[in-house]
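>>> Quick one, fold the following:
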Amino acid sequence: MSHDPVHPLHGQKALVTGASSGIGTAIARAFAAAGAAVGVNYRSHADEAERIVQEIRDAGGEAAPLKADVSSEDEVRAMFDEFGSAFGRIDILVANSGIQQDAAFPDMTLDQWRRVIDVNLTGQFLCAREAVRRFLAQGPDPSISRAVGKIICMSSVHEVIPWAGHVNYAASKGGVMLMMKSLAQEVAQAGIRVNGIAPGAIKTPINQEAWQTPEAERKLLELIPYGRVGEPEDVGKAAVWLASDASDYVVGTTLFVDGGMTLYPSFRENG
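Prediction:
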């Protein structure tokens, strides 16, 4: 197994969904820098995915772009087949793909509800199920990792913080949390580690309007005790640790990367 502190994922093969922007891109870069070969999944942004793959290759790493809609069972299976052909095995899945389709509750359409649940929750189920099947089929390789396989489910602080105006999104992330824990409980005995990461406010395209002006950022900082908005790299570093043997005894846990947002700072003066 890898004891290289600079490349803790050396020799491992990692698939990152939704890796053509935001947090997914940061995780793909961080994994490549940590020594992993990376499958960069995207649904519609082929140019961005290709650019990240090229960037990783230029730096001496291994990467391949993989097009798939994670809410489609057939496309997910095909993506894993393509990944297997490119890299031979799979050691890590980061189920990161996620979308928002916000609406006031009385106005929320069934389509807005379904699409968010399909991508954010069902998409993670389909990817995790495929990963578990492949981990079990290929078996352990102690020279690469202590675990037979590792899954990181991308959640959100909204797995615990209710979010008016975003009921579909919060419901999807609450679902991710208990899916992750239940799956972790089920497959831990097979040597598969499943954990989650719950980012808070991170500077990504999905939430740009919340931080791009000084006024918006100031308002957002009222919710963040640590006094800064997170960067995608903050999540990338956490993902490397959770995917490495350094966290080998961490199973079924959500790691909050949120600057303290889940500490409900609006209660500071109300105790």
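>>> what about residue 106, how many neighbours?
5 (other C-beta atoms under 10 Å). Where you see a C-beta, it was placed from the backbone N, CA and C, and this is true even at glycine.
>>> what's stretch 136-146 in contact with?
The contact list for stretch 136-146 (C-beta atoms under 8 Å, 6 or more residues apart in numbering) reads 1-2, 11-12, 89-91, 148, 190-192, 245, 248.
>>> Of those, just the buried ones, ChimeraX syntax please.
Selection of buried members from these for ChimeraX, criterion 16 or more other C-beta atoms under 10 Å:
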select :1,2,11,12,89,90,91,148,191,192,245
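>>> Verify the stated contact: residue 17 with residue 97.
Yes: using C-beta atoms under 8 Å, residue 17 is in contact with residue 97, at 4.2 Å.
>>> Of the two, which one has the most company?
residue 17 (29 against 24).
>>> list the contacts for that one?
Neighbours of residue 17 in contact, by C-beta under 8 Å, 6+ apart: 24, 41, 68, 70, 93, 94, 95, 96, 97, 123, 127.
>>> Next, format the residues you listed as JSON lines and append pLDDT.
Output for the contacts of residue 17, formatted as JSON lines (pLDDT from 0 to 100):
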{"residue": "24", "pLDDT": "98"}
{"residue": "41", "pLDDT": "98"}
{"residue": "68", "pLDDT": "98"}
{"residue": "70", "pLDDT": "98"}
{"residue": "93", "pLDDT": "99"}
{"residue": "94", "pLDDT": "99"}
{"residue": "95", "pLDDT": "98"}
{"residue": "96", "pLDDT": "98"}
{"residue": "97", "pLDDT": "97"}
{"residue": "123", "pLDDT": "98"}
{"residue": "127", "pLDDT": "98"}
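>>> for those residues, which one is nearest residue 167?
residue 123 (18.5 Å; C-beta to C-beta).
>>> quick one: the closest one and residue 129, what's the gap?
According to C-beta to C-beta, to the nearest Å, residue 123 stands 11 Å off from residue 129.
>>> Looking at these two, which is more packed in?
Using other C-beta under 10 Å, the more surrounded residue of residue 123 and residue 129 is residue 123, with 27 against 14.
>>> need the contact list for the more buried one.
17, 70, 71, 76, 95, 97.
>>> if you set the cut-off to 10 Å instead, what comes out?
For residue 123, the contacting residues are 17-18, 43, 68-72, 76, 95-99, 117, 172, 176, by C-beta atoms under 10 Å, 6 or more residues apart in numbering.
>>> Just the buried residues from the residues you listed, in PyMOL please.
Per 16+ other C-beta under 10 Å, the buried members of the contacts of residue 123 correspond to this PyMOL selection:
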select buried, resi 17+18+43+68+69+70+71+72+76+95+96+97+98+99+117+172+176
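>>> Can you list which of the contacts of residue 123 are found in helices?
Among these, the members falling in helices (DSSP state H) are 76, 117, 172, 176.
>>> List just the nearest of these to residue 83.
residue 76 (10.5 Å).
>>> Now that closest one. Nearest residue, chain neighbours left out?
residue 126 (4.5 Å; C-beta to C-beta, 6 or more residues apart in numbering).
>>> Likewise for residue 228?
Nearest one to residue 228, counting by C-beta to C-beta, 6+ apart, is residue 259 at 6.4 Å.
>>> Determine the set of other helices and strands touching the helix or strand hosting residue 241.
Taking DSSP states H and E as the definition, residue 241 sits inside helix 232-243. Using 3 or more C-beta pairs under 10 Å, 6 or more residues apart in numbering; DSSP states H and E, the elements in contact with helix 232-243 are strand 13-16, helix 22-33, strand 92-95, strand 149-154, strand 192-199, strand 254-257.
>>> could you give the angle of that helix to strand 149-154?
Helix 232-243 and strand 149-154 are oriented at 150 degrees to each other (axes from the mean of the first three to the mean of the last three C-alpha atoms, to 10 degrees).
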